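K.L.:
pasting the structure only:
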């Protein structure tokens, strides 16, 4: 028997209504996206975030609003992300400090990096260069380690602050080598840089963009780079791995995360848009100007990288007894 027509029409209408929410859910994004940045306007994370946001606005057809939340080692930015909805409309730019190191630097962290942050996609790797005052009688890592072991505690190294990438990376280098080299923290990268140029401190590990001019004009000498291959801008400077100290390759990175629980299809869409944005030719030139290298991967690969970094850096930070409390 066939259903009467007067019953079939309402039934069809109900089916269409039931399907409407499912169709609406696929229309992402339907409103502006907020991208939280742990840094003031003009900071390095902000310089990456703004052009990426503009490219995503064009491709997604929705505004991507930059929300600057500087301070407290990223705690303000990450807490704001954690308190947002898991709907893909609140994202954050992070470094490995926010996604990994903070868990070991703070005894009471208001967010759990592994439980509360969902990997969306990486953005860039920041090459780091170990430099020395020209007065230091060491022209290679081997000579530096030999000198440090011959004079325990006599050498020192500068960093932009306690818990900063230069500090944590240098502490790993010390653990690898057994060298006793004193840490001297400063309030900023330029302060640490000028101290080493003036030979008040002897060593400084920093982003390539910050120190390349001083290396090229002879105010500093470069001992090693932490990239997998030599930097085109510093072709005569060998890598850490080349000199027998692997494990520091590409260790400082930036990426974008969401709050855990964002639907997988939205995460995949955002990942594609981020990768498309950073691989544009003008973005590659911008990254190069800021001393960085474009870094892309799937959300799954990025999440695996974050997890592996926890296993690598947690023991280093604990053994070095680094704390930001």
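P.N.:
All right, it came through fine. Note that the structure is predicted; figures quoted are calculated from it, not measured. Numbering: from 1, shown residues only.
K.L.:
start to end distance for stretch 212-230?
P.N.:
Using Cα to Cα, to the nearest Å, the end-to-end distance of stretch 212-230 comes out at 14 Å.
K.L.:
Now that stretch: buried residues?
P.N.:
Buried residues in stretch 212-230, defined by neighbour count with 16 or more other Cβ atoms under 10 Å: 212, 214, 215, 219, 220, 221, 222, 223, 224, 225, 226, 227. No exception for glycine: its C-beta is placed from N, CA and C like everyone else's.
K.L.:
mean confidence for that stretch?
P.N.:
When pLDDT is averaged over stretch 212-230, the result is 94.
K.L.:
before we move on, the earlier item: among the buried residues of stretch 212-230, which two are most distant?
P.N.:
Maximum pairwise distance among the buried residues of stretch 212-230 (Cβ to Cβ): 22.0 Å, between 219 and 227.
K.L.:
hang on, residue 212 packs against residue 233?
P.N.:
Yes. Residue 212 lies in contact with residue 233 (Cβ atoms under 8 Å); the separation is 5.9 Å.
K.L.:
Tell me the spacing between residue 160 and residue 167.
P.N.:
8 Å (Cβ to Cβ, to the nearest Å).
K.L.:
So for those two, which residues contact both of them?
P.N.:
Among the neighbours of residue 160, those also in contact with residue 167 (Cβ atoms under 8 Å, 6 or more residues apart in numbering) are residue 185.
K.L.:
ok, residue 123 - contacts?
P.N.:
By Cβ under 8 Å, 6+ apart, the residues touching residue 123 are 48, 52, 93, 253, 254, 255, 256, 274, 278, 294, 295.
K.L.:
Is there a neighbour count for the closest residue to it other than its chain neighbours? I'd like the number.
P.N.:
With Cβ to Cβ, 6 or more residues apart in numbering as the criterion, residue 123 has its nearest non-adjacent residue at 4.6 Å, and that residue is residue 254. Residues contacting residue 254 under the criterion other Cβ atoms under 10 Å number 22.
K.L.:
residue contacts, residue 59?
P.N.:
So residue 59 contacts 273, 276, 277 (Cβ under 8 Å, 6+ apart).
K.L.:
could you redo the last one with a cut-off of 6 Å?
P.N.:
residue 273 (Cβ atoms under 6 Å, 6 or more residues apart in numbering).
K.L.:
now whichever strand or helix holds it, how far from the centre of its chain.
P.N.:
Taking DSSP states H and E as the criterion, residue 59 maps to helix 44-60. Centroid separation for helix 44-60 versus its chain: 16 Å, with Cα atoms, centre = their mean, to the nearest Å.
K.L.:
Pull out the buried residues from that helix.
P.N.:
Buried positions in helix 44-60, judged by neighbour count with 16+ other Cβ under 10 Å: 44-53, 55-56, 60.
K.L.:
Mind putting the residues you listed into a markdown table with pLDDT?
P.N.:
Below are those laid out as a markdown table (pLDDT from 0 to 100):
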| residue | pLDDT |
| --- | --- |
| 44 | 78 |
| 45 | 86 |
| 46 | 88 |
| 47 | 87 |
| 48 | 90 |
| 49 | 94 |
| 50 | 95 |
| 51 | 95 |
| 52 | 96 |
| 53 | 97 |
| 55 | 97 |
| 56 | 97 |
| 60 | 95 |
